[in-house]
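Student: Model the structure of this input:
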Amino acid sequence: MLVVSALLPVILAIVAGYLLRRYAAIPLQSWQHMSFVTYYLFMPALEIKVLANKPLEQFPVSTLVLAVAAVLVLMTLWLMVWQRWCRPQSPATFTSLYQGAVRFNTFVALVMADQLVGDDGVAAVALIAALIILLVNLLCVLIFVLYLNAEGASIGLFLRESFSNPLILGALVGIGLNLSGLGLDGPLYSFVELMGSAALPVGLLVVGAALEPDRLRGSWEVIWTASAFQLLLKPVFAVGVIAWLGLSGVYAIGLLLCFAVPAPSSAYVLALKKGGDSETMAAILTVQTLLAALSMPLVLSLYQSPVF
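Tutor: The predicted structure is shown next:
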């Protein structure tokens with residue numbers, strides 16, 4: 001019941017974003033601007049707020065790094081085996097399948113963490129998200145090089161994609177303020193808190209506005225496969241790794257959330273830039289966001305299991 005209560009406001013906010021985009025005559029450009037502000041200002045502000053004053057010695061960083069690496073490497077090997085021996089796709093389509101199975105929507109993960117466990121959960125997800133983004137960016141670059149020999153896909157691209165990512169920069173600033181002993185207080189804290197408070201509701205509206213159910217095209221086999229791997233198989237891997245490493249509390253919940261949410265719109269942008277199957281990628285994003293309303297209660301019911 002707790003999981004359903006936490007998920008329902010998220011679903012309603014996404015639906016509200018979709019309805020506003022479709023029926024309120026808000027131009028697409030306005031939603032793009034809103035997404036930009038959320039990504040580059042509101043979300044980093046939220047991360048800085050929750051990380052700047054938290055006692056970081058409580059964070060099991062090395063264990064979280066191992067957990068993130070284990071899940072993503074398992075998924076990568078599984079997908080490469082699937083492509084080689086089970087259901088081979090064209091290289092372009094496989095890169096979209098891969099992104100649809102490993103990338104995650106930070107907005108949704110942060111909101112669910114806030115709903116379930118408050119600021120402690122948001123701080124855990126912010127740190128875990130930074131680790132995942134780094135490794136996912138590296139793995140996606142390698143996949144584009146291996147399967148498409150994509151021009152411009154290199155370590156340089158990985159570094160640009162990672163260290164120009166505002167979610168990584170926000171986490172680094174928050175951690176830097178914390179470790180330096182400066183922390184965050186007074187008017188500066190009030191400003192960051194004010195900006196961060198807009199991140200979650202506006203972020204969910206943007207997720208809803210990006211849904212395009214009228215434009216579902218591409219390979220349905222790949223769409224369903226990517227969705228099953230993203231929303232069911234990856235959380236199963238995550239639960240196994242959490243149990244293996246003995247993680248519990250907000251760290252276990254944070255990992256499970258990050259590995260149970262749908263893929264983000266940034267996957268479509270990369271597919272478009274690097275010659276992936278952008279049509280299938282767009283359909284994967286819409287289908288996964290809709291299916292997550294069904295899969296997440298099932299997966300997150302594990303939150304109440306003895307593992308956590």
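
Student: going forward, measure contacts and count neighbours with C-alpha atoms only.
Tutor: Fine.

Student: how about low-confidence regions in the stretch 51-200 of the chain?
Tutor: 150-158 (pLDDT under 70).

Student: who's in contact with V261?
Tutor: The neighbourhood of V261, defined by C-alpha atoms under 8 Å, 6 or more residues apart in numbering, consists of F104, N105, V108, A109, Q230, L231, A292, M296.

Student: Now name the helix or strand holding the fourth one.
Tutor: If you go by DSSP states H and E, A109 is part of helix 106-117.

Student: continuing past that helix, what's the next helix or strand?
Tutor: The helix or strand immediately downstream of helix 106-117 is helix 119-148, counting by DSSP H and E.

Student: quick check: angle from that following helix to helix 106-117?
Tutor: 150 degrees (axes from the mean of the first three to the mean of the last three C-alpha atoms, to 10 degrees).

Student: coming back round to it: helices and strands around the helix holding A109, which ones?
Tutor: Judged by 3 or more C-alpha pairs under 8 Å, 6 or more residues apart in numbering; DSSP states H and E, helix 106-117 is in contact with helix 2-23, helix 119-148, helix 199-209, helix 249-258.

Student: Just put these in JSON lines and tack on mean neighbour count and distance to V65.
Tutor: Shown next, in JSON lines, are these (neighbours: other C-alpha atoms under 10 Å; distance: least, C-alpha to C-alpha, whole Å):
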{"stretch": "helix 2-23", "mean neighbour count": "18", "distance to V65": "26"}
{"stretch": "helix 119-148", "mean neighbour count": "21", "distance to V65": "7"}
{"stretch": "helix 199-209", "mean neighbour count": "24", "distance to V65": "25"}
{"stretch": "helix 249-258", "mean neighbour count": "25", "distance to V65": "11"}
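
Student: How many neighbouring residues does the closest residue in space to T95 that isn't next to it in sequence have?
Tutor: Sequence neighbours aside, G276 is the residue nearest to T95 in space, at 6.0 Å (criterion: C-alpha to C-alpha, 6 or more residues apart in numbering). Counted with other C-alpha atoms under 10 Å, residues neighbouring G276 total 27.

Student: From the chain's centroid, how far away is the helix holding A109?
Tutor: The chain centroid and the centroid of helix 106-117 are separated by 11 Å under C-alpha atoms, centre = their mean, to the nearest Å.

Student: so how far is Y18 from the residue nearest to T95?
Tutor: 26 Å (C-alpha to C-alpha, to the nearest Å).

Student: V4 reaches P297, doesn't it?
Tutor: Yes - in this structure, V4 is within contact of P297 by C-alpha atoms under 8 Å, at 6.1 Å.

Student: mind checking pLDDT for A282?
Tutor: If you check A282, the pLDDT there is 85.

Student: Might you report the residue contacts of it?
Tutor: Per C-alpha under 8 Å, 6+ apart, neighbours of A282: L216, S265, Y268.

Student: Quick check: of these, which lies closest to L247?
Tutor: Set against L247, the nearest of those by C-alpha to C-alpha is S265 (29.8 Å).

Student: what about the closest one, how many neighbours?
Tutor: Around S265 there are 19 residues (other C-alpha under 10 Å).

Student: which residues touch it?
Tutor: Residues near S265 by C-alpha under 8 Å, 6+ apart: A210, A282, L285.

Student: how about it, phi and psi?
Tutor: phi -70, psi -20 (degrees, to the nearest 10).

Student: Spatially, what comes nearest to P213 if we skip its sequence neighbours?
Tutor: Nearest one to P213, counting by C-alpha to C-alpha, 6+ apart, is T286 at 6.5 Å.

Student: okay, now the closest residue to C258 other than its chain neighbours: neighbour count?
Tutor: Nearest residue to C258 in three dimensions, chain neighbours excluded: A109, at 5.6 Å (C-alpha to C-alpha, 6+ apart). By other C-alpha under 10 Å, the residues close to A109 number 26.

Student: cool, and the one 5 residues further on?
Tutor: By the measure other C-alpha under 10 Å, the count of residues near D114 is 18.

Student: Same question for L97.
Tutor: 29.

Student: Identify the residues contacting it.
Tutor: With C-alpha under 8 Å, 6+ apart, L97 has these contacts: V222, I223, T225, A226, M281.

Student: repeat that with 10 Å
Tutor: The contact partners of L97, taken as C-alpha atoms under 10 Å, 6 or more residues apart in numbering, are 79, 83, 89, 91, 219, 221-227, 229-230, 276-277, 280-281, 284.

Student: With P262 instead?
Tutor: 100-106, 108-109, 226-227, 230-231, 284-293, 295-296.
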